[in-house]
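Trainee: Fold the stuff below for me.
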Amino acid sequence: MDEHNNNELELESKLPEHLNLVQIEHAYELEQELLHAVKWGNPYKVEEVLLKRRSATNLPCCDGNTVASKALRCCKNHLISLNALCCNAARSGGLQSLYLYTMKNKYNLMIEHAVSVSHLDEVLYAQIALDYAKAVLEFSVSSYSPMIKQIVTYLTVHLSEDVRIEDLGRMHNTHISHISRKFKKETGMSIPAYVSIQRMSLAKLYFEDGEVSIKDVSQRLGFSDSNYFSKVFKRYCNQTPSEYIKMIHER
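Mentor: Sure, this is the predicted structure:
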């Protein structure tokens, strides 16, 4: 490597004049606070941390003091890292692998397709953290008893199948009435309702991931009739799949 390239690397490795170590330390403290809120499924705390972040000096990759193309790439890298950190925090909080995998892929695609630093920094940053926190709040299995945790995990893995309560009873050598009572006590809903909510939540992730075929999504989730899928989706999401897809495209 020649002296000219060495000088360029040395220049690029220096801290920008407008940023100091105190600001960097504060930024990472906020990030750790954010990840803790994600782990515990606390979107209200996430909002609080985001407000603090908006009033603080951002890291150089997400401000306007760098060459535009480098700033965009650097900010994308920063959010890809945030996405991975939030994914790990959500996993520690008890969010299941199916949701982790789908959410992580969805946001990596959204990050790469972004065309402005402002969208990444002002929109996606908050959306990533909030969505992971809300997913932990809604779908975490960490607070469930071992039996219900196993049942929830089994139901999630087999969302595209019609799992009968009788099968769950045989698997755990327990009467179905006991399983039903215990499941509702711990999750706050019946097994069929839980499965439907899980399916609709996963359907929304598929739509947000770029899947626009309602028929394909309904089949992936075990529905033989896409019209029935649409009715269930509207019941739990307060809008039809077509309306939801349109809303995504209008963002």
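Trainee: To which secondary structure element is the nearest residue to Glu33 once chain neighbours are set aside assigned?
Mentor: Once flanking residues are discounted, Glu33 sits nearest to Val49: 5.0 Å by C-beta to C-beta, 6 or more residues apart in numbering. The way it works is simple: take the backbone N, C-alpha and C, and place the C-beta from them, glycine included. Using DSSP states H and E, Val49 falls within helix 43-54.
Trainee: Give me the contacts around that helix.
Mentor: Contacts with helix 43-54, where a contact means C-beta atoms under 8 Å, 6 or more residues apart in numbering, come from 27, 30, 33-34, 36-38, 125-126, 129-130, 133-134, 137.
Trainee: From these, pick the one nearest Val163.
Mentor: Comparing the contacts of helix 43-54 against Val163 with C-beta to C-beta places Leu137 closest, at 24.3 Å.
Trainee: What about that closest one, how many residues nearby?
Mentor: 16 (other C-beta atoms under 10 Å).
Trainee: Could I have the PyMOL command that selects the buried members from the contacts of helix 43-54?
Mentor: Here is the PyMOL command that selects only those of the contacts of helix 43-54 that count as buried (16 or more other C-beta atoms under 10 Å):
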select buried, resi 27+34+36+37+38+125+126+129+130+133+134+137
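Trainee: Secondary structure element holding Ser230?
Mentor: Ser230 is located in helix 226-237, with elements delineated by DSSP H and E.
Trainee: neighbours of Cys74, just the number please.
Mentor: Neighbourhood size, Cys74 [other C-beta under 10 Å]: 19.
Trainee: Kindly report the same for the one 10 residues further on.
Mentor: Other residues near Ala84 come to 13 when the count uses other C-beta under 10 Å.
Trainee: Go ahead and confirm it touches Tyr107.
Mentor: No. Counting by C-beta atoms under 8 Å, Tyr107 is not a contact partner of Ala84; they are 9.6 Å apart.
Trainee: can I get the CA coordinates of the strand or helix carrying Glu243 in PDB?
Mentor: Using DSSP H and E, Glu243 maps to helix 241-249. Extracted in PDB, the C-alpha atoms of helix 241-249 (Å, rounded to 0.1, in the frame of the first residue of the first chain):
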ATOM      1  CA  PRO A 241     -55.300  -8.000   3.500                       C
ATOM      2  CA  SER A 242     -55.600  -5.800   0.400                       C
ATOM      3  CA  GLU A 243     -56.100  -2.700   2.600                       C
ATOM      4  CA  TYR A 244     -53.000  -3.700   4.700                       C
ATOM      5  CA  ILE A 245     -50.900  -4.200   1.600                       C
ATOM      6  CA  LYS A 246     -52.000  -0.800   0.200                       C
ATOM      7  CA  MET A 247     -51.100   0.900   3.500                       C
ATOM      8  CA  ILE A 248     -47.600  -0.600   3.400                       C
ATOM      9  CA  HIS A 249     -47.100   0.700  -0.200                       C
END
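Trainee: Just the ones of the contacts of helix 43-54 in helices?
Mentor: Under the assignment DSSP state H, the contacts of helix 43-54 contribute 27, 30, 33-34, 36-38, 125-126, 129-130, 133-134, 137 to helices.
Trainee: now, which of the residues you listed sits nearest Ala89?
Mentor: Distance to Ala89 across the ones in helices among the contacts of helix 43-54 (C-beta to C-beta) is lowest for Val38, with 4.3 Å.
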